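Chemist: the following block contains a protein sequence and its predicted model.
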Amino acid sequence: MTPPRSHITLTTAALLFLLAALIAALLAGCGVFNSSDATPVPPTATPPISTDLAPEAVQTALEDTSLRGFPSLTYTIHTSFWWDDLIRPLDLDNVQLMHFTHIKQRFVWDDIQHKPDAWVWDQADAVVDDVTGRGLQIIARLDGVPKWAKVDPGDDPTVPPIDLDAWGAYCGALAERYTGRIAGYQIWNEPNLDREWEGYPPNAAAYVKLLATCATAIRAHDPDAVIISAGLAPTGTWLPEAIPDMDYLRFMYDAGATGYFDVLGLNAPGYGAPPELSPDEAEAQGRQRWMTFRHVEDMRAIMVEQGDAHKQVALLEVGWTTDQIHESYAWHAVDPEVQAEYLVNAYRYAAANWRPWLGVMTTIFLADPEWTAEDEQYWWAINETGYGFGWKGRPAYYQLSWMEQFIDDTYIPARHPGHPTAITAIPTGPEAATTGAMTTLPTLPEQIAPDLLFLTLDEGLYVITHNYPWPANSLLVEMANGALVLVNTPYTPTATQHLLDFITARFGDREIVAINTSFQAESLGGNPVLIEAGIPVYGSTLTAQLVERSGHKHLAKVLNWTTMGGMQRYHEAYAAMTLVPPTDLFDLSDGLALTVGEETVQIIYPGQGATPDNVVVYFPTQAVLFGGGLITAQDHLDNIMAPNLATWPGAVASLPAIQAKWIIPGHGSRFDVELIEHTIRVLANHTQ
């Protein structure tokens, strides 16, 4: 990742120079810049930026199979294990634990062909064998010119600073050796910076020659390979040091790049800002557009403008640095907990807003063990470096491992940190997920706030999932009279307020009634917000008693669970909470027939299960049963606080008499009627 550089600020005197400078800049991008000219070229006037990102163009290309690209999203991590046979297996173990499907690894030309007549494939073979042997896929970044292949462009900046014949031979040899085993080839990195262009002023026309040479050689040996153009560095600096990425991309198109790549490569660091911040908002704050993760949208708009709307984008470097010691990075550094939060939310934002035109999304980095605090890459990494203490993740590693995933039409829910699929390497890819670990839903959830997903399950039937950090479900049902019934709150008051704000925006002012199904935070953590809003909250007298008697003990256990790495923000939120009992009480043994308009909602106590007070809620008109903690969609019982395993199976067995089309568990994304039998089997296996 390259240090950001600022736009040159034009003074009043400089305005007199603007027209001439604009012409010079355009000539520079097309290859007419004289490298001996010592005057930096001011930025071009940026054309109006389109807001049309044309997702339907990619969808059409996918449907007629003309698109050569990737699943959307393709979860990828940048690895650094070329030379290290000891670390490579550990890194790959942890990629599998993350449930990421692809790794990106540099295939440095100089490491494979250090001399013109000496090809050394040992390390490349080991990397390809080890990665593909795990069921993972490779995106190979090709760069790293050997000294013997470097060329002085002289006075013609459109000449690449490398021997193109030798470069083409290298690309072709790689593709021939690994035909069908490399999922994508990234051709160079950040060629819009002089330091990545062998020290020469960057030139888009020269890069397109390099791109065309390599792409042609690869396609000759592996015609199905996906060619990804170089990740462009977001920057506002001009020649001789750099060319702003928006201008560089336009210059690439002017030079005929479109026929030589299948997927556009971009780099997308966050520069200290939250991933949801738009370029327009950044400008309003006095920042530059390119200093945002969502600057990707500006670049996508240029693709659409240039007639490439049918192609995907690959984000080849996504990250937030924690570097507090290097001046070039410290100004936009974040702490490790924020790094974790921003990375997870970046994936969530992309999943909600950029599919299907975004394919690959690559987090940087799994660290090279030899990196130290003096290396800038050290601070972007999501794991610790060194050999002395075993493999250790930083907060971002754990949060990325637990987060939900969206892969084309498949939704894989967030994993509970204590669930076996969160701590056991399994075959990679959605097809390999265990029962209950993935589902194909009628629609995909939309993110309505950080950590909060909203799924339309059926007409008037909505499931809210709060990943904090364990996924827990609430149910929202629209009744015939327009009232809304909310069963269970999100874990926290903050998330519950986000939900109420969303409900108001989506449905307008409606009567809302709430129900708590147990005394735990996943059922009533948001009660303070509901009560302050004047919403009646129904719950049993036992639930109210348990809140008063055991609520603090419940929160103490949650706080203990959130002491592990990567969970500080959750720990702080739970530490600030106090559980509040429901306001409208009923006797547990009697249950409650709650009348809403002309409909009845049945609150039923089937017996003790996950908690002493767990109730289920049945909506006869909608044929939906909210099972809460009594029903599990998981394959194992994880971190259950107060179960009664003697009575739980019988309590579940009493439910089949209820005629339901949908059954909503307290945790997980299975909503089918087989969940009753599934829960009974899980309980039987647990007690054996």
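Modeler: Now that the structure is in, tell me what you want to look at. Numbering: from 1, shown residues only.

Chemist: from now on I want contacts and neighbour counts done on CA atoms only, so please keep to that.
Modeler: Will do.

Chemist: now the strands: where do they sit in the stretch 351-500 of the chain?
Modeler: Along the stretch 351-500 of the chain, counting by DSSP state E, counting those that start in this stretch, strands occupy 358-363, 405-407, 410-412, 446-449, 452-458, 461-467, 471-478, 484-487.

Chemist: okay, those strands in TSV with distance to residue 182 next?
Modeler: As requested, the strands of the stretch 351-500 of the chain are exported to TSV (distance: least, CA to CA, whole Å):
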stretch	distance to residue 182
strand 358-363	14
strand 405-407	20
strand 410-412	24
strand 446-449	33
strand 452-458	34
strand 461-467	34
strand 471-478	35
strand 484-487	48
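
Chemist: got the phi/psi numbers for the residue nearest the centre of the chain?
Modeler: By CA atoms, centre = their mean, the chain has its centre lying nearest to residue 347, at 1.8 Å. For residue 347, the backbone dihedrals (degrees, to the nearest 10) come out as phi -60, psi -40.

Chemist: just the pLDDT for it.
Modeler: At residue 347, the model reports a pLDDT of 96.

Chemist: residues near residue 131, how many?
Modeler: 18 (other CA atoms under 10 Å).

Chemist: isn't it up against residue 137?
Modeler: Yes: the pair residue 131 / residue 137 is scored as a contact, 6.7 Å apart, by CA atoms under 8 Å.

Chemist: give the contact list for the residue nearest to the centre of the chain.
Modeler: residue 361 (CA atoms under 8 Å, 6 or more residues apart in numbering).

Chemist: so residue 452 sits against residue 495, correct?
Modeler: Yes: in this structure, residue 452 is within contact of residue 495 by CA under 8 Å, at 7.2 Å.

Chemist: pull up the overlap in contacts between these two.
Modeler: Common neighbours of residue 452 and residue 495 (CA under 8 Å, 6+ apart) are residue 466.

Chemist: quick one: low-confidence residue ranges for the stretch 401-550 of the chain.
Modeler: 416-444 (pLDDT under 70).

Chemist: ok so, going back, nearest to residue 224, of the strands of the stretch 351-500 of the chain?
Modeler: Nearest of those to residue 224, taken as CA to CA: strand 358-363 at 16.6 Å.

Chemist: tabulate the CA atom coordinates of the closest one in PDB.
Modeler: In PDB, the C-alpha atoms belonging to strand 358-363 read as follows (Å, rounded to 0.1, in the frame of the first residue of the first chain):
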ATOM      1  CA  LEU A 358     -17.900  -6.300  -7.600                       C
ATOM      2  CA  GLY A 359     -16.300  -9.700  -7.700                       C
ATOM      3  CA  VAL A 360     -13.100 -10.100  -5.800                       C
ATOM      4  CA  MET A 361     -12.600  -8.200  -2.500                       C
ATOM      5  CA  THR A 362      -9.100  -8.600  -1.000                       C
ATOM      6  CA  THR A 363      -8.100  -7.800   2.600                       C
END
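
Chemist: what does that strand contact?
Modeler: 69-78, 104, 312-319, 343, 347, 350.

Chemist: now the helices for the stretch 301-450 of the chain?
Modeler: When secondary structure is read from DSSP state H, counting those that start in this stretch, the stretch 301-450 of the chain shows helices at 327-330, 336-353, 376-380, 395-402, 420-423.

Chemist: now the second one: buried residues?
Modeler: The neighbour-count check on helix 336-353 (16 or more other CA atoms under 10 Å) flags 336-352 as buried.

Chemist: repeat that for stretch 250-259.
Modeler: Using 16+ other CA under 10 Å as the burial criterion, the residues of stretch 250-259 that qualify are 250-255, 257-258.

Chemist: for stretch 116-131, same thing?
Modeler: By 16+ other CA under 10 Å, the buried positions in stretch 116-131 come out as 123-124, 127-128, 130-131.

Chemist: so can I have CSV of those showing distance to residue 270?
Modeler: Shown next, in CSV, are those (distance: CA to CA, whole Å):
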residue, distance to residue 270
123, 33
124, 32
127, 30
128, 31
130, 32
131, 29
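
Chemist: out of the residues you listed, who's nearest residue 668?
Modeler: Taking CA to CA as the measure, residue 131 is the one of those closest to residue 668, at 30.3 Å.

Chemist: doesn't the closest one fall inside a helix?
Modeler: Yes: judged by DSSP: H, G, I helix; E, B strand; the rest coil, residue 131 forms part of a helix.

Chemist: got the contact list for it?
Modeler: Residue 131 makes contacts with 92, 137-138, as judged by CA under 8 Å, 6+ apart.

Chemist: swap in residue 170?
Modeler: Applying CA under 8 Å, 6+ apart, the residues near residue 170 are residue 109.

Chemist: what separates it from residue 177, distance-wise?
Modeler: 11 Å (CA to CA, to the nearest Å).

Chemist: and the next element down the chain from the lengthiest helix in the chain?
Modeler: Counting by DSSP state H, the longest helix found in the chain is helix 541-561. Using DSSP states H and E, the helix or strand that follows helix 541-561 in sequence is helix 568-575.

Chemist: report the inter-axis angle for that next one versus helix 395-402.
Modeler: Calculated by axes from the mean of the first three to the mean of the last three CA atoms, to 10 degrees, helix 568-575 forms an angle of 80 degrees with helix 395-402.

Chemist: against which helices or strands is helix 568-575 packed?
Modeler: When contacts are defined as 3 or more CA pairs under 8 Å, 6 or more residues apart in numbering; DSSP states H and E, helix 568-575 sits against helix 541-561.

Chemist: contacts for the helix it packs on next, please.
Modeler: Contacts for helix 541-561 (CA under 8 Å, 6+ apart): 518-521, 571, 574-575, 578-582, 585-588, 613, 641.

Chemist: likewise for stretch 594-607?
Modeler: By CA under 8 Å, 6+ apart, the residues outside stretch 594-607 that reach it are 479-481, 483, 588-593, 613-621, 647-648, 650-652, 654-655.

Chemist: which ones among those residues map onto helices?
Modeler: Short answer: the contacts of stretch 594-607 in helices (DSSP H) are 648, 650-652.

Chemist: possible to save those as CSV with neighbour count?
Modeler: Output for the ones in helices among the contacts of stretch 594-607, formatted as CSV (neighbours: other CA atoms under 10 Å):
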residue, neighbour count
648, 22
650, 15
651, 17
652, 22
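
Chemist: which two from the residues you listed end up farthest apart in space?
Modeler: 648 and 652, at 6.4 Å, using CA to CA across the ones in helices among the contacts of stretch 594-607.

Chemist: anything in contact with each of these two?
Modeler: With CA under 8 Å, 6+ apart as the test, residue 648 and residue 652 both reach residue 630.

Chemist: if we can go back for a sec, closest to residue 268 among the contacts of residue 131?
Modeler: residue 138 (20.0 Å).

Chemist: how near is that closest one to residue 167?
Modeler: Distance, residue 138 to residue 167, by CA to CA: 21 Å.

Chemist: dump the residue contacts of residue 482.
Modeler: Counting by CA under 8 Å, 6+ apart, residue 482 makes contact with 510-511.

Chemist: does residue 257 touch residue 206 like I think?
Modeler: No: Residue 257 is beyond contact range of residue 206, at 10.6 Å (criterion: CA under 8 Å).

Chemist: rewinding a little: filter the contacts of strand 358-363 down to the buried ones, ChimeraX style.
Modeler: Selecting only the buried entries of those in ChimeraX, with 16+ other CA under 10 Å as the criterion:
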select :69,70,71,72,73,74,75,76,77,78,104,312,313,314,315,316,317,318,319,343,347,350
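
Chemist: among the contacts of strand 358-363, which are in strands?
Modeler: Taking DSSP state E as the definition of strands, these contribute 74-78, 104, 312-319.

Chemist: quick check: the two most widely separated of those?
Modeler: Spatial extent of the ones in strands among the contacts of strand 358-363 (CA to CA) is set by the pair 312 and 319 at 20.2 Å.
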